[in-house]
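# Build me a structure from this.
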Amino acid sequence: MRRSIRLAAVGAAALLAIGGAAVAALSNGTAQAATTTGGVKFAYFTQWGIYLNAFYPKNLDTEGIAGKIDYLVYAFENIDPTNKTCFEADSAASQDENNPNAGDGAGDSFADYGKSYGADISVDGVADTFNQPIVGNFNQLKKLKAKYPNLKILVSIGGWTYSKYFSDAAATDASRKKFVSSCIDMFIKGNLPSRNGYGGPGTGAGIFDGVDLDWEYVGAAGHTGNHFTAADMQNYTALLAEFRTELDAVGGGKKYLTAAVPAGQDKIMHVETNKVGQYLDYANAMTYDMHGGWEATGPTNLQDPLYNSPSDPMTPVPPGNGKYSIDSAVKAWTVGDSSYGIPGGFPANKLTIGYPFYYRGWTGVAAGANHGLYMPASGPAAGHPLSGSVAGVSFYKELTGFVDNPSDTFFDPTTKSAYFYDGTTFWGGDSKQSIQARADYQHCNGLAGAMMYSLEALDPQATLFNAVVNSVNGGTAGCSSPSPTPTSTTRSPSPSPTTTRTTSPSPTPTGTGGTCTAPAWVASTAYVGGTTVSYNGHTYTSKWWTQGEQPDTHSGPNDVWVDKGSCGGGTTSPTPSPTRTTTSPSPSPSPTPTSTGAYPAWAPNHAYTVGDRVSYAGKNYQCLQSHTSLVGWEPPNVPALWKAL
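Prediction:
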């Protein structure tokens, strides 16, 4: 997360907008249809929110937040610049974005466990006393857990300002063990350093249920001065493995490991997306901060576009030709993007979408054709005190009367994203309509749920928070593709295309002939590493998560399947594909597809599932991602959907 108020930047993305239901990976190697309701809910509580914003753990109770989330993430703890371990300190971080040592030695043990709480701001209405082993936020979080026993609380390490030494801590097996054991000893076992009369062995035990890692960024630049190397890619995976091993060894119930992960393909490309899922319980994608005041004179743009738009003036980010969007990030993590060398393979049902509770904007913006969207600006919008008086960014609660004013609220139906414009000032962020669009996307793509950053930005009614919770908990009646052509923005919600789905009964694939005992490989099934299948008379074992990758053509030293030899059977019976009829504007005429070889010709407005094979313009292709085809999505045009055979 890019934070001048400790907030986050993303990299680029390069896929076309794709709708339709996806298939999510399950840990047992079976497949699960995309859900249409529900999802996990994460929310960040910032260490420093207790100061200027007077946002305390008690607010999570009185504002009705604690009972509606699954995971509360306490942010952030730092890495000792000398020892490369978790530590506590009482030194403020520099807010100078150009200071390469901004976070060195910084920390706030006073907020963590040294600040006395009076009865008026205490979770249980009881004031702290002088002889308690700990006070501060940690003690209040302990009280909050007592009141909400189902709430899991994670401690987050890193963030925009505190990621400088991750690369050093992860560099060797010895350094990883030293770093991980120090963090678990301090925050999970609760052996807090004695500081200012508080802390000591075991004083912080029972507060945190796990660790959240926010390395910004693995193998790439983040804050000025951050350390990174090409070896970070493999070292990050090894670091997660070490955390997983040591957390599992603690005992006393399940301990969770999550990570805030980048949403830009130039950052995702430095992560082994096909390997880290086995160690993480969830990955929370930072799907925001895609545009903002650092682009000082614009053009204005959306903070968190759900889909890409042909009208987006952004310069593509190398080494591919991608632009920012949530859809691009999700596809990169789960399906992959060859133009950035991203293998994909991360389980969709472990990936959440990030929702910002703040806005990024510009001023001096002319209306243009679409109420200030994609227009030049004279500079970043004026900042506000509670969000740090940083130009170009403000909390939701600082913009009430603007971002909750229907007259200033607009929705772009191409990107399915909100923005706000009063004739001069432009803000990008979320509205109830854009939040619903993201929850629908989550449901239709089998994603885990929502991550919200951060709670001190809310108004007392927790308006955006409740919109996210209600949308995630609610249902999505039908999953449809976005409009393939740009349309003008509107103040009122646009009705979604209505979808009628008819599915033929799908027989369970069975092996035919031979003596193979392993289950037959099925193209639409997601398999995790170590799963054994049979296919065309051979037995294969997967090395990592895979879906739709045919074993005989994807086996070898650098591919997903290992050929274990002949077993005399294992050919699978095909599964009929569902068909879908969508009532939407008629597409432009397209060339009549012709069949080549044994596969049917590709056709628009047809529902394809993973593993389906088609022919188009003299070549054969295999479907990589379930979708309903549209004109313009011909196989050679969308390598994220189709692989040439």
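
# rest of the way, CA atoms for contacts and neighbours
Fine.

# Show me the shaky parts of the stretch 451-600 of the chain.
With pLDDT under 70 as the threshold, the stretch 451-600 of the chain has low-confidence stretches at 480-515, 524, 526-530, 543-547, 556-560, 568-597.

# Could you list the low-pLDDT ranges of the stretch 1-150 of the chain?
1-35.

# residue ranges for the helices of it, please.
When secondary structure is read from DSSP state H, counting those that start in this stretch, the stretch 1-150 of the chain shows helices at 57-62, 109, 136-147.

# cool, the stretch 201-350 of the chain as well?
Secondary structure of the stretch 201-350 of the chain (DSSP H, counting those that start in this stretch): helices located at 232-250, 265-268, 326-334.

# could you list every residue that touches residue 305?
290, 324-326, 415-417 (Cα atoms under 8 Å, 6 or more residues apart in numbering).

# switch to 6 Å and redo it
Under the criterion of Cα atoms under 6 Å, 6 or more residues apart in numbering, the neighbours of residue 305 are 325, 415, 417.

# List the buried residues of stretch 300-317.
For stretch 300-317, a neighbour-count test (16 or more other Cα atoms under 10 Å) marks 300-309, 312, 317 as buried.

# and what of stretch 599-619?
Of the residues in stretch 599-619, those buried by neighbour count under the rule 16+ other Cα under 10 Å are 599-616, 619.

# what's the first-to-last distance across that stretch?
Using Cα to Cα, to the nearest Å, the end-to-end distance of stretch 599-619 comes out at 10 Å.

# change the start of the numbering to 46 and stick with it
Taking 46 as the first residue, the last one we looked at is stretch 644-664.

# on that earlier part again, which of the buried residues of stretch 644-664 fall in strands?
The members of the buried residues of stretch 644-664 that map onto strands under DSSP state E are 652-653, 658-661, 664.

# Farthest-apart pair in those residues, please.
Pairwise distances among these were taken by Cα to Cα; the largest, 19.7 Å, belongs to 652 and 664.

# ok but residue 456 is inside a helix, no?
No. Membership of residue 456 in a helix is not supported by DSSP: H, G, I helix; E, B strand; the rest coil, which gives strand.

# and the residue most central in space within the chain, how far is that from residue 496?
For the chain, the residue sitting closest to the mean C-alpha position, by Cα atoms, centre = their mean, is residue 330 at 1.7 Å. With the distance defined as Cα to Cα, residue 330 ends up 8 Å from residue 496.

# Now do the shared contacts for the two.
Residues touching both residue 330 and residue 496 comprise 398-399, with contact defined as Cα under 6 Å, 6+ apart.

# Torsion angles phi and psi at residue 263?
Backbone geometry at residue 263, expressed as degrees, to the nearest 10, gives phi -70, psi 120.

# How many residues are close by the closest residue to it other than its chain neighbours?
Ranked by Cα to Cα, 6 or more residues apart in numbering and with sequence neighbours excluded, the top spatial neighbour of residue 263 is residue 277, at 5.8 Å. The burial metric for residue 277, expressed as a neighbour count using other Cα atoms under 10 Å, is 23.

# Could you export stretch 333-346 as CSV, CA atoms only?
Taking only C-alpha atoms (Å, rounded to 0.1, in the frame of the first residue of the first chain), the coordinates of stretch 333-346 have been written out as CSV:
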residue,chain,number,x,y,z
TYR,A,333,-6.4,0.8,-5.2
ASP,A,334,-4.0,3.7,-5.6
MET,A,335,-3.9,3.1,-9.3
HIS,A,336,-4.0,6.8,-10.0
GLY,A,337,-3.6,9.8,-7.8
GLY,A,338,-2.0,13.2,-7.0
TRP,A,339,1.5,12.1,-7.9
GLU,A,340,0.3,12.4,-11.5
ALA,A,341,0.2,16.1,-10.6
THR,A,342,-1.4,17.6,-13.7
GLY,A,343,-3.4,14.6,-14.6
PRO,A,344,-5.1,13.5,-16.7
THR,A,345,-7.6,12.6,-14.0
ASN,A,346,-8.3,8.9,-13.6
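
# for that stretch, which positions count as buried?
Counting neighbours by 16+ other Cα under 10 Å, stretch 333-346 gives 333-338, 340-346 as buried.

# wait, which of those residues is closest to residue 394?
Distance to residue 394, by Cα to Cα, is smallest for residue 333 among the buried residues of stretch 333-346, at 20.0 Å.

# Check what pLDDT that closest one gets.
pLDDT, the model's per-residue confidence, is 98 for residue 333.

# Please look at it and residue 351 and confirm they touch.
No. Taking contacts as Cα atoms under 6 Å, residue 333 lies outside contact range of residue 351: 9.8 Å.

# so who does residue 577 touch?
585-586 are the contacts of residue 577 under Cα under 6 Å, 6+ apart.

# Pretty sure the residue nearest to residue 263 sits against residue 264.
Yes. Contact between residue 277 and residue 264 holds when scored by Cα under 6 Å: they sit 5.0 Å apart.

# so how far is residue 658 from the spatially closest residue to residue 293 that is not a sequence neighbour?
Residue nearest to residue 293 in three dimensions, not counting chain neighbours: residue 300, with 6.6 Å by Cα to Cα, 6+ apart. From residue 300 across to residue 658, the span is 42 Å (Cα to Cα).

# same deal with residue 492?
Summarising the geometry, the distance separating residue 492 from residue 658, computed by Cα to Cα, is 25 Å.

# would you say residue 610 is within a helix?
No. In this structure, residue 610 is strand, not part of a helix, as judged by three-state DSSP.

# Does it touch residue 582 like I think?
No. When contacts are counted by Cα under 6 Å, residue 610 is not listed as touching residue 582 (8.5 Å).

# Between these two, which is the more surrounded one?
Per other Cα under 10 Å, whichever of residue 610 and residue 582 has more neighbours is residue 582, with 20 against 11.

# Correct me if wrong: the more buried one contacts residue 612.
Yes. Applying Cα under 6 Å, one finds residue 582 in contact with residue 612, separated by 5.3 Å.

# Contact partners for residue 272?
Contacts for residue 272 (Cα under 6 Å, 6+ apart) come out as residue 209.

# ok, and which of the helices of the stretch 46-195 of the chain has the densest surroundings?
Between the helices of the stretch 46-195 of the chain, helix 154 has the highest mean count of neighbours, a mean of 26, where neighbours are mean count of other Cα atoms under 10 Å.

# so what does that one touch, helix or strand wise?
The helices and strands touching helix 154, judged by 3 or more Cα pairs under 6 Å, 6 or more residues apart in numbering; DSSP states H and E, number zero.

# Touching that helix from outside, list them.
For helix 154, the surrounding residues in contact (Cα under 6 Å, 6+ apart) are 133-135.

# go on, stretch 273-291?
The set of residues external to stretch 273-291 that reach it, using Cα under 6 Å, 6+ apart, is 212, 215, 225, 263-265, 315-316, 321, 324.

# If you count neighbours, what's buried in it?
The neighbour-count check on stretch 273-291 (16+ other Cα under 10 Å) flags 273, 277-289, 291 as buried.

# Kindly list the main-chain dihedrals of residue 139?
Note on residue 139: backbone dihedrals following degrees, to the nearest 10 are phi -70, psi 140.

# domain parsing for the protein?
With automatic domain parsing serving as the domain definition, the record reports that the chain contains domains spanning 556-617, 624-689.

# hang on, residue 208 in a helix?
No. The assignment for residue 208 is coil, going by three-state DSSP, so no helix is present there.

# these two touch, right, it and residue 260?
Yes. At 5.5 Å, residue 208 and residue 260 qualify as touching, with contact defined as Cα under 6 Å.
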